[in-house]
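**Q** Generate a structure from the sequence data that follows.
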Amino acid sequence: MLNIVYTLMPIFFLISLGYYFHRQQMFDEGFWSGIEHLCYYVLFPSLIIRTLAITDFNQFPALDIAFTMGAAVTTMIFIVSLGYFIAKPMGMSGYSYSSIFQGSTRWNTFAVVAIIYGFYGDVGVSIASIGIAVMIPILNVANVTALALMVGKEPPSFGKVAMMLVKNPFIIACFVGLLLNAIGLGLWEPLANTMNLLGRSALALSLLAVGVGVNLSGIKTAGVGVFVATFLKLAVMPLLMYFYSLVFNVTGVAFTVAMLCSAVSTASASYILSRKMGGDSTLMANIITVQTLISIITIPAILFYFGV
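**A** Numbering: from 1, shown residues only. Got it, this is the predicted structure:
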């Protein structure tokens with residue numbers, strides 16, 4: 001247990017430091033927006049490309065991992081979609097439920113990759129990248145479509161959704177890394193070292209950005225929607241991942257990585273999408289904050305129970 005605590009403490013320290021910086025207004029919003037863009041478009045893709053390009057995929061069952069993660073997130077989307085037809089007659093608007101939908105299904109890629117790297121290094125990131133390649137397309141399509149339908153807008157066309165996926169830097173990075181691995185080309189050593197340094201930068205900067213998204217004042221107004229989204233994301237989603245890991249016989253490091261991917265809070269980018277598409281961005285911000293704080297307890301608990 002002490003090993004788990006010592007590995008996670010720097011991660012939570014960085015999140016706290018990001019919160020402190022933002023609280024003290026040491027940097028303006030433009031600075032943090034730039035950090036998020038740098039992590040999203042450059043630093044994390046560099047980490048993913050490098051790790052996938054040099055990974056020996058014979059070390060773990062990549063296909064079984066892909067099925068496990070894909071099945072878990074698809075089942076969660078189905079559950080939350082059914083919930084909408086229960087919540088709507090009870091008086092909850094689509095405007096608010098769209099935030100519950102995002103809060104229950106999406107995952108904070110920044111935080112989970114940093115945690116996984118702390119425990120398992122490049123191998124762990126490679127396993128997580130399989131989840132990224134599988135889950136991000138499913139989640140992007142589901143959430144953009146759900147928001148459009150729930151807030152009364154026209155669903156995006158197939159072409160727009162496809163273009164959104166094609167332009168996603170995480171998906172591009174997964175494709176490039178897997179292609180380099182498949183053809184055996186690898187990476188030129190100076191380039192690999194450069195991408196390694198960029199990737200390491202992502203781990204610290206992204207956690208600071210996670211802390212910036214925490215708004216403790218929002219906890220006071222947290223209502224039933226926050227509770228529902230948090231319960232689904234931090235309790236039901238890990239149970240689904242555990243179930244499908246048994247179904248597809250995913251064990252060892254791959255199992256723990258899959259569980260971590262299911263146990264982190266929702267994506268901080270959910271707030272941006274909610275605001276952009278006319279959802280309940282205030283509720284979304286509260287969900288992000290509460291889930292981030294509760295995951296500080298649930299992640300160590302999962303690691304301790306299932307082993308590292």
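**Q** Tell me how many other residues crowd residue 56.
**A** Around residue 56 there are 9 other residues, counting by other C-beta atoms under 10 Å. Every C-beta, even on glycine, is put in place using the N, C-alpha and C of the backbone.
**Q** Return the backbone torsion pair for it.
**A** Main-chain dihedrals, residue 56, degrees, to the nearest 10: phi -90, psi 100.
**Q** cool, and residue 27?
**A** phi -140, psi 150.
**Q** just residue 60 next, same as before
**A** Torsion angles, degrees, to the nearest 10, at residue 60: phi -150, psi 160.
**Q** Which residues are in contact with the closest residue to it other than its chain neighbours?
**A** Closest residue in space to residue 60, ignoring its immediate chain neighbours: residue 254 at 4.7 Å, by C-beta to C-beta, 6 or more residues apart in numbering. Applying C-beta atoms under 8 Å, 6 or more residues apart in numbering to residue 254 gives the contacts 60-61, 64-65, 127.
**Q** do residue 60 as well
**A** Contacts of residue 60 by C-beta under 8 Å, 6+ apart are 123, 127, 252-254.
**Q** Quick one: buried ones out of these?
**A** 123, 127, 253-254 (16 or more other C-beta atoms under 10 Å).
**Q** So which of those sit within helices?
**A** 123, 127, 253-254 (DSSP state H).
**Q** Can you redo the residues you listed as JSON lines, where the extra columns are distance to residue 217 and pLDDT?
**A** Listed next are these as JSON lines, based on distance: C-beta to C-beta, whole Å; pLDDT from 0 to 100:
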{"residue": "123", "distance to residue 217": "40", "pLDDT": "90"}
{"residue": "127", "distance to residue 217": "37", "pLDDT": "93"}
{"residue": "253", "distance to residue 217": "39", "pLDDT": "91"}
{"residue": "254", "distance to residue 217": "39", "pLDDT": "94"}
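**Q** Tell me the one of these nearest residue 184?
**A** residue 123 (18.9 Å; C-beta to C-beta).
**Q** For the buried ones among the contacts of residue 60, give me TSV that also has distance to residue 207.
**A** Output for the buried ones among the contacts of residue 60, formatted as TSV (distance: C-beta to C-beta, whole Å):
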residue	distance to residue 207
123	21
127	20
253	22
254	24
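**Q** Of those residues, which pair is most distant in space?
**A** Checking the buried ones among the contacts of residue 60 with C-beta to C-beta, the most distant pair is 123 and 254, at 9.3 Å.
**Q** follow-up on the earlier one: could you single out the nearest of the contacts of residue 60 to residue 192?
**A** Closest approach between the contacts of residue 60 and residue 192, by C-beta to C-beta: residue 123, at 16.0 Å.
**Q** my guess is the closest one contacts residue 52, does it?
**A** No - using C-beta atoms under 8 Å as the test, residue 123 is too far from residue 52 to be in contact (11.2 Å).
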